[in-house]
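S.K.: sequence and predicted structure below; questions after.
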Amino acid sequence: MEAKAKERLYRLVDRIPGEEVHAAERYLEYLVEHGDPFIRKLMSAPYDDEPVTEEEEAAVREAWEDYEAGRVQTLDEVKEELEL
């Protein structure tokens, strides 16, 4: 997965307009040296290739049905209900 992402980056670099090359270089250096370690860790996580179970599919369908029917609460409503 990481190899494909890097290939896309190489293609993008080839398309950077000449006047923007220096800015792109600085930004990439910043990401390498100072990027958010949490984001770097997420970006390097392996792809989840486990198949979705029938139970998971049913849970997603049920959640969408609740959402579409308006059976949802905002975060503020949940906090109020839990007295947070």
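M.R.: Ah, there it is. Residues are numbered from 1 along each chain as shown.
S.K.: CA atoms for contacts and neighbours, from now on please.
M.R.: Fine.
S.K.: for the protein, where's the lowest mean pLDDT among helices and strands?
M.R.: helix 37-43 (a mean of 79; mean pLDDT, DSSP states H and E).
S.K.: packing partners of it?
M.R.: Contacts defined by 3 or more CA pairs under 8 Å, 6 or more residues apart in numbering; DSSP states H and E place helix 37-43 against no helix or strand at all.
S.K.: let's see the next helix or strand after it as CSV, backbone CA atoms only.
M.R.: Past helix 37-43, further along toward the C-terminus, the next helix or strand under DSSP states H and E is helix 54-68. Listed next in CSV are the C-alpha coordinates belonging to helix 54-68 (Å, rounded to 0.1, in the frame of the first residue of the first chain):
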residue,chain,number,x,y,z
GLU,A,54,-22.5,-10.4,8.1
GLU,A,55,-23.0,-9.1,11.7
GLU,A,56,-20.9,-6.0,10.8
GLU,A,57,-22.9,-5.4,7.6
ALA,A,58,-26.1,-5.7,9.5
ALA,A,59,-24.9,-3.2,12.2
VAL,A,60,-24.0,-0.7,9.4
ARG,A,61,-27.4,-1.1,7.8
GLU,A,62,-29.1,-0.6,11.1
ALA,A,63,-27.0,2.5,11.9
TRP,A,64,-27.9,4.0,8.5
GLU,A,65,-31.6,3.3,9.0
ASP,A,66,-31.5,5.0,12.4
TYR,A,67,-29.7,8.0,10.8
GLU,A,68,-32.1,8.3,7.9
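S.K.: residues in contact with helix 54-68: which ones?
M.R.: The contact list for helix 54-68 (CA atoms under 8 Å, 6 or more residues apart in numbering) reads V72.
S.K.: roughly how far out does that helix sit from the chain middle?
M.R.: Helix 54-68 has its C-alpha centroid displaced from the chain centroid by 21 Å (CA atoms, centre = their mean, to the nearest Å).
S.K.: show the subsequent helix or strand relative to that helix.
M.R.: As assigned by DSSP H and E, the chain's next helix or strand after helix 54-68 is helix 75-81.
S.K.: what is the distance between the least confident helix or strand of the chain and the centre of its chain?
M.R.: 10 Å.
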